[in-house]
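*Asks:* Below: sequence and its predicted model.
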Amino acid sequence: MSHLVHGVDLGDTDRRSGQETVDRVRQGEAEAFEALVKQYQGRIFALAYRMVRSEAEAADLTQEIFVRVWEKLHTFRGEAKFSTWLLQLAGNHCKNRLKYLKRRHYNMHDPLDPPANEDDGPHRQIADPGRGPDDLVAGSRMRTLVREKLEELSEEQRTVLVLRDIEDLDYEEIADATGLPLGTVKSRIHRGRVELARLLKAALAADGI
């Protein structure tokens, strides 16, 4: 399956161009690594931001992730798409940081959506099973509610929802990126959507909507 996400082709072209760029980096071309960073840094920052919900932490994570990319590039064999390999590395790094922050009782107050994309967040992209709360109300209240209720989901559900409904990966790509069985990915996404809808409907009912 080939499709575009944030202007990046995640299909066969991504696999070929990713491998070609990796090969150039391995040959010592600094410009090739800079091109790799430029192509993917926005997407990695957005993923990190949605997981740790702190702009400063996400910026640090993005830098650290690309250091890891440089260190681990020799392990990329081109058998999967480079974007999938990169997301798996980034997701694991973010989850480790999130566990560390939770151990320190780090209080994350930043909104879930990156500030530059306030109107392109999960309230517009997360699919709702059946007639969901998005049919009932729109605007800033819904954006706030979705951000709040996404954070109430389990980390496992929130991660796959971000990858599927915000990053627009297909089920197979999510399985590759997370190392989860395909069936587990599908069930977590389904349960996450149902739970998110339940939380939103309860919040809207409490608001008298």
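*Replies:* In hand now; what should we look at?
*Asks:* Using the three-state scheme, assign A177.
*Replies:* helix (DSSP: H, G, I helix; E, B strand; the rest coil).
*Asks:* contacting residues around the residue minimising distance to the centre of the chain?
*Replies:* In the chain, the centroid-proximal residue (C-alpha atoms, centre = their mean) is L47; its distance is 3.9 Å. Neighbouring residues of L47 by C-beta atoms under 8 Å, 6 or more residues apart in numbering: L87, A90, G91, C94, V162, E167. The way it works is simple: take the backbone N, C-alpha and C, and place the C-beta from them, glycine included.
*Asks:* Tell me the buried residues in the longest helix along the chain?
*Replies:* When the chain is scanned for its longest helix (criterion: DSSP state H), the result is helix 182-206. Under the neighbour-count criterion of 16 or more other C-beta atoms under 10 Å, helix 182-206 has 185-186, 188-189, 191-193, 195-197, 199-201, 203-204 buried.
*Asks:* Give the next helix or strand downstream of the strand or helix carrying F45.
*Replies:* Using DSSP states H and E, F45 falls within helix 30-52. The C-terminal neighbour of helix 30-52 among helices and strands, as given by DSSP H and E, is helix 55-72.
*Asks:* Tell me how far the closest residue to L169 other than its chain neighbours lies from R43.
*Replies:* Excluding the flanking residues, the one nearest L169 by C-beta to C-beta, 6 or more residues apart in numbering is L163, at 4.9 Å. Look at L163 and R43: by C-beta to C-beta, to the nearest Å, they are 11 Å apart.
*Asks:* what about those two, which has more around it?
*Replies:* L163 (23 against 19; other C-beta atoms under 10 Å).
*Asks:* so that one touches D176, yeah?
*Replies:* No - under the criterion of C-beta atoms under 8 Å, L163 is not in contact with D176, lying 10.5 Å apart.
*Asks:* quick revisit: state the distance from the residue nearest to L169 to F33.
*Replies:* Applying C-beta to C-beta to L163 and F33 gives a distance of 25 Å.
*Asks:* for L182, same thing?
*Replies:* In terms of C-beta to C-beta, L182 sits 33 Å off from F33.
*Asks:* do the same with L47
*Replies:* Counting by C-beta to C-beta, the gap from L47 to F33 is 20 Å.
*Asks:* For the residue nearest to L169, report the pLDDT, please.
*Replies:* Listed pLDDT for L163 reads 84.
*Asks:* how does this protein divide into domains?
*Replies:* 1-109, 111-209 (automatic domain parsing).
*Asks:* Which of those has the lowest mean pLDDT?
*Replies:* Among the domains of the chain, domain 111-209 scores lowest, at a mean of 74.
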